[in-house]
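Peer 1: Prediction below, plus the sequence it came from.
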Amino acid sequence: MRPPMRIAVPKETVAGERRVAIVPESVKRLRAKKIEVSVEAGAGVGSLFSDEDYRALGARIDVSRQTLFADADAVVQIRPPSESEVGQLREGSAIVSLLYPLVSPALVRLLASRNITAFAADMIPRTTLAQMMDVLSSQATATGYEAVIMAAAALPKFFPMLMTAAGTIAPARVLVIGAGVAGLQAIGTARRLGAVVEAFDVRRVVKEQVESLGAKFVEVDVEDAQGAGGYAKELGEDAKRKQAEVLAHHAAGADVVICTALIPGRRAPVLLTAPMVKAMRAGSVVVDLAAEQQGNCELTKPGETVVEHGVTIIGVTDTASRLSTHASQMYSRNMEKLLFHLTSDGAFKLDMKEEITAGTMITHGGQIVHAKVKEIAGPTSVPAPGAAS
């Protein structure tokens, strides 16, 4: 009889990363589907999950990575693997993680050369069936909330309007750029803290959602930029000019600007220019959630908090990690659903005609199998005995 499939959950190695890909509560459900779980010692500590929590639900705890990966059919983690981490993977095994393959061709080619079947969690299609697997949305919920908390801590003002014996304190004014999952969560959180909120997005379809949260939708007379999969597409030059004029006006009146705009596979669009920041009031705050893709603000320094023209610009790249317990729980539930979809009776069942498999599987059998990624990374030809199947 074939032994149950085994997944390995390593401790994240990126500096400051406190999340873990699989939390203890998921172990029981995975084992019920014939998926055994090995966890690197201490992997869950940053999210407040002890090794004993995992053991109690049937996970195996491994002290060394060599032992962890030795019999793993698949490695499940959050951050993309480094070159050295790819070298530790057992040839013919699989990895499921964020990969950003459209902007990481060297990593994709390396995974193919090592005969690793790689699934990019960030490439899960935005369909009804895949909603419960959508890690980008679940983690954006955390980042949108945390962005407002960071802004409130950095702003030398109250967020809500206050009626005091010393007079009335006006509420903070918040501008949210981008009304995707992170932006909508930021709007809701800022409103709950009592701020007056405006939001801008090039997709008119989100206007109703913005207004339902009690924010004002900032209108710009340009083409609708609703793209494939619900993402925004890039605007033309004339539309960008009109957009910049409107954003400059609204940013100048804001105490806080929260930037969330991303274009899949591309550098984040620069929407808040240096002159716009210079025109903001001293003491204002910019939180740039696009910092990991170089930022929506021209003055953002990824991974740093800087002050320019009296404005605090927060470019942290570990926003979701700051809410590690709940962010890990959401990511883990996403992974459960994805693994259940990709496996049957404790083994991978890979059907490239099926939308979710085709959308997430980047390399397999020593080849780059995702058509769009192959265009960028180029073809790879490597013998592939023993590939995950």
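Peer 2: Ah, there it is.
Peer 1: contacting residues for the closest residue to residue 55 other than its chain neighbours?
Peer 2: Spatial nearest neighbour of residue 55, chain neighbours left out: residue 61 (6.0 Å); criterion: C-beta to C-beta, 6 or more residues apart in numbering. The C-beta positions use only the backbone N, C-alpha and C, and glycine is treated the same way. Contact analysis of residue 61 by C-beta atoms under 8 Å, 6 or more residues apart in numbering lists 38, 39, 40, 41, 51, 54, 55.
Peer 1: you'd agree the third one is up against residue 10?
Peer 2: It stands for residue 40. Yes. Judged on C-beta atoms under 8 Å, residue 40 makes contact with residue 10 at a distance of 4.7 Å.
Peer 1: Just give me the neighbour total for residue 87.
Peer 2: Residue 87 is flanked by 10 other residues according to other C-beta atoms under 10 Å.
Peer 1: Which phi and psi values does it adopt?
Peer 2: Backbone torsions of residue 87, given as degrees, to the nearest 10, read phi -70, psi -20.
Peer 1: so the residue nearest to residue 55, which of the three states?
Peer 2: strand (DSSP: H, G, I helix; E, B strand; the rest coil).
Peer 1: So for residue 40 and residue 10, which residues contact both of them?
Peer 2: With C-beta under 8 Å, 6+ apart as the test, residue 40 and residue 10 both reach 65, 68.
Peer 1: Verify the contact between residue 221 and residue 242 for me.
Peer 2: Yes. With contact defined as C-beta under 8 Å, residue 221 reaches residue 242; the gap is 6.4 Å.
Peer 1: between the two, who's got more neighbours?
Peer 2: Ranked by neighbour count (other C-beta under 10 Å), residue 221 and residue 242 place residue 242 first, with 13 against 8.
Peer 1: Am I right that the more buried one falls within a helix?
Peer 2: Yes. With three-state DSSP as the criterion, residue 242 is located in a helix.
Peer 1: measure the residue nearest to residue 55 to residue 53 for me?
Peer 2: According to C-beta to C-beta, to the nearest Å, residue 61 stands 10 Å off from residue 53.
Peer 1: So for the closest residue to residue 110 other than its chain neighbours, what pLDDT did the model give?
Peer 2: Using C-beta to C-beta, 6+ apart and skipping the chain neighbours, the partner closest in space to residue 110 is residue 86 (5.3 Å). Looking at residue 86, its pLDDT reads 96.
Peer 1: So what's the residue count around residue 86?
Peer 2: Counted by other C-beta under 10 Å, the residues lying close to residue 86 total 18.
Peer 1: now it: how far from residue 70?
Peer 2: Separation of residue 86 from residue 70 (C-beta to C-beta): 16 Å.
Peer 1: before we move on, what about residue 181?
Peer 2: On the measure of C-beta to C-beta, residue 181 and residue 70 end up 38 Å apart.
Peer 1: Pull the distance from stretch 103-117 to the chain's centre.
Peer 2: Its chain's C-alpha centre and that of stretch 103-117 lie 20 Å apart, by C-alpha atoms, centre = their mean, to the nearest Å.
Peer 1: again but with stretch 354-367, I slipped
Peer 2: For stretch 354-367, the distance to the chain centre is 20 Å (C-alpha atoms, centre = their mean).
Peer 1: Same question for it: list its buried residues.
Peer 2: Buried residues in stretch 354-367, counted by 16 or more other C-beta atoms under 10 Å: 356, 357, 358, 359, 360, 361, 362, 363, 364, 365, 366, 367.
Peer 1: So for stretch 251-269, mean pLDDT?
Peer 2: Stretch 251-269 comes out at a mean pLDDT of 91.
Peer 1: Going forward, the N-terminal residue is numbered 723.
Peer 2: Okay, residue one is now 723; in that scheme the one you just asked about reads as stretch 973-991.
Peer 1: Now residue 738. Its backbone dihedrals?
Peer 2: Torsion angles at residue 738 (phi, psi; degrees, to the nearest 10) stand at phi 80, psi -10.
Peer 1: For it, which non-adjacent residue is closest in space?
Peer 2: residue 1040 is the one closest to residue 738 (C-beta to C-beta, 6+ apart), at 4.4 Å.
Peer 1: isn't that neighbour right next to residue 734, touching?
Peer 2: No. Counting by C-beta under 8 Å, residue 1040 stays clear of residue 734, with 10.4 Å between them.
Peer 1: Touching both of those two, which residues are there?
Peer 2: residue 740.
Peer 1: of those two, who's got more company?
Peer 2: The neighbour count for residue 1040 versus residue 734, taken as other C-beta under 10 Å, is higher for residue 734 (23 against 18).
Peer 1: helix, strand or coil for that one?
Peer 2: coil.
Peer 1: wouldn't it be in contact with residue 799 here?
Peer 2: Yes. Residue 734 is within contact range of residue 799, at 6.5 Å (criterion: C-beta under 8 Å).
Peer 1: For those two, list the residues in contact with both.
Peer 2: residue 743.
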